[in-house]
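Colleague: Quick one: sequence plus predicted model below, questions after.
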Amino acid sequence: MGIDIHVAGLTKSFGPQVIWQDVSLTLPAGEISVMLGPSGTGKTVFLKSLLGLIKPEQGRVLVEGTDMVAGSDRKVFRARRKFGLMFQDGALFGSMNLFDNIAFPLRQHTRATEAEIRRKVLERMAMVGLDGEERKLPGQISGGMRKRAGLARALVLDPQIILCDEPDSGLDPVRTALLSQVLLDVNAVTDCTMLIVTHNIEIAATLPDNIGMLYRRDLVAFGPRELLLTSDQPAVAQFLHGSTIGPIGMAEEKDDAELARNQGTRTFDIPDQLRPSPGLPDRQGARRHHARVMAELDRLPASARNAITAKLTDPPSQTS
Ligand SMILES: Nc1ncnc2c1ncn2[C@@H]1O[C@H](COP(=O)(O)OP(=O)(O)OP(=O)(O)O)[C@@H](O)[C@H]1O
């Protein structure tokens, strides 16, 4: 099962440039979360901070008791093993076939026998829809397949948390939709905690349980997907609609209130969340999410509350 990640008061600067400040959130165990944000708002820096690869000046990232910011190198290194990473381009070795690429972490970090490695690699390849492709080189397959191979490699050490940095980059809408389904299916089977950084509204609207958005050095929102998808904050609404009208892309000194007045109110139709493919188990993370959100419903704005009650009256189930 996945584990919680608790982020509290995180602030990161590079020299005089503040990337984000006082970021606090919890990535709940086994749930899928998406982090949105315009280019350059520090989404990748945030992922690297969760891993302890970048050290914020203030705040904590707690992973089962280890602080990835201030913990000792030994503890951070050990905690990092709980993570699986899916990079934008799959980050595969071009000279190795897919089997050897995916087997690589097992050969590097475990004493598994070749028979065990073979079983695990083939199982993970099947999980991401790459059965029978073991002998292909990364250069012989499509971008979507490379990403799935990168996901299989991220899964091979049984991580409890999976971080994906822009998994949709370079993919057409159909392959992006297929990849979303694969990510959800992986979550259904493994119950791992997932954080996906993306600009893609289709992914954000259909895949996660929770969505956050980084904008102008702040985490402007983080919560159930309905919270962000019904938000009337100018930057969030502009981002969701891909509009040129709004604060994003404008001079920093523009007044948010004035921009909001000019923008008017537009609603975003919230599609149904994806469900696991037939034959796979129900998502445990979705069940926990449902219970948690229903318990916290009164604290959400009316727009989010209405969207949740309209869609989530029963615990999610494949057959309902
Ligand atoms: N090691 C570093 N040293 C100095 N500045 C950095 C470093 N890493 C990132 N930055 C700066 O931090 C800012 C945020 O970068 P980051 O790549 O996290 O943005 P992002 O939101 O992921 O962008 P995109 O959506 O375009 O990928 C950028 O201005 C970048 O130049």
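Modeller: Ah, there it is. Just so it is clear, the model here is predicted, and its values are computed rather than measured. Residues are numbered from 1 along each chain as shown.
Colleague: quick one, phi psi at Pro247?
Modeller: Dihedral pair for Pro247: phi -70, psi -20, per degrees, to the nearest 10.
Colleague: these two touch, right, it and Pro234?
Modeller: Yes. When contacts are counted by Cβ atoms under 8 Å, Pro247 is listed as touching Pro234 (5.3 Å). Every residue, glycine included, has its C-beta placed from N, CA and C.
Colleague: Around the nearest residue to Leu178 once chain neighbours are set aside, count how many other residues there are.
Modeller: Spatial nearest neighbour of Leu178, chain neighbours left out: Gly144 (6.8 Å); criterion: Cβ to Cβ, 6 or more residues apart in numbering. A count of neighbours around Gly144, defined by other Cβ atoms under 10 Å, yields 21.
Colleague: same thing with Asp298?
Modeller: Count around Asp298 with other Cβ under 10 Å applied: 6.
Colleague: And the one 3 residues further on, by the same measure?
Modeller: If you count neighbours by other Cβ under 10 Å, Pro301 ends up with 14.
Colleague: So for the protein, the centremost residue is which one?
Modeller: The centroid of the chain falls nearest to Ile196 when counting by Cα atoms, centre = their mean (1.7 Å).
Colleague: Tell me how far it lies from the ligand.
Modeller: 12 Å (Cβ to the nearest ligand atom, to the nearest Å).
Colleague: Which strands and helices lie in contact with the host helix or strand of the residue nearest to Leu178?
Modeller: Element membership of Gly144 [criterion: DSSP states H and E] is helix 143-155. If you count contacts as 3 or more Cβ pairs under 8 Å, 6 or more residues apart in numbering; DSSP states H and E, helix 143-155 packs onto strand 83-86, helix 98-109, helix 114-127, strand 161-165, helix 173-190.
Colleague: Format those as a markdown table; extra columns: mean pLDDT, mean neighbour count and distance to Pro281.
Modeller: Listed next are the helices and strands packed on helix 143-155 as a markdown table, based on pLDDT from 0 to 100; neighbours: other Cβ atoms under 10 Å; distance: least, Cβ to Cβ, whole Å:
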| stretch | mean pLDDT | mean neighbour count | distance to Pro281 |
| --- | --- | --- | --- |
| strand 83-86 | 92 | 23 | 20 |
| helix 98-109 | 94 | 19 | 23 |
| helix 114-127 | 95 | 16 | 13 |
| strand 161-165 | 95 | 23 | 17 |
| helix 173-190 | 93 | 20 | 6 |
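Colleague: got these as a markdown table, with distance to the ligand columns?
Modeller: Listed next are the helices and strands packed on helix 143-155 as a markdown table, based on distance: least, Cβ to the nearest ligand atom, whole Å:
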| stretch | distance to the ligand |
| --- | --- |
| strand 83-86 | 14 |
| helix 98-109 | 24 |
| helix 114-127 | 27 |
| strand 161-165 | 8 |
| helix 173-190 | 16 |
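Colleague: Could you say which one of these comes nearest to Ala295?
Modeller: helix 173-190 (21.7 Å; Cβ to Cβ).
Colleague: Could I have the CA atoms of the closest one written out in PDB?
Modeller: C-alpha atoms of helix 173-190 as PDB (Å, rounded to 0.1, in the frame of the first residue of the first chain):
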ATOM      1  CA  PRO A 173      -4.600  13.000 -27.200                       C
ATOM      2  CA  VAL A 174      -5.400   9.300 -27.800                       C
ATOM      3  CA  ARG A 175      -2.100   8.100 -26.400                       C
ATOM      4  CA  THR A 176      -2.400  10.600 -23.500                       C
ATOM      5  CA  ALA A 177      -5.900   9.100 -22.700                       C
ATOM      6  CA  LEU A 178      -4.400   5.500 -22.900                       C
ATOM      7  CA  LEU A 179      -1.500   6.500 -20.600                       C
ATOM      8  CA  SER A 180      -4.000   8.000 -18.100                       C
ATOM      9  CA  GLN A 181      -5.800   4.700 -18.000                       C
ATOM     10  CA  VAL A 182      -2.600   2.800 -17.500                       C
ATOM     11  CA  LEU A 183      -1.600   5.000 -14.600                       C
ATOM     12  CA  LEU A 184      -5.000   4.500 -13.000                       C
ATOM     13  CA  ASP A 185      -4.800   0.800 -13.500                       C
ATOM     14  CA  VAL A 186      -1.400   0.700 -11.900                       C
ATOM     15  CA  ASN A 187      -2.800   2.500  -9.000                       C
ATOM     16  CA  ALA A 188      -5.700   0.000  -8.800                       C
ATOM     17  CA  VAL A 189      -3.300  -2.900  -8.700                       C
ATOM     18  CA  THR A 190      -0.600  -1.500  -6.500                       C
END
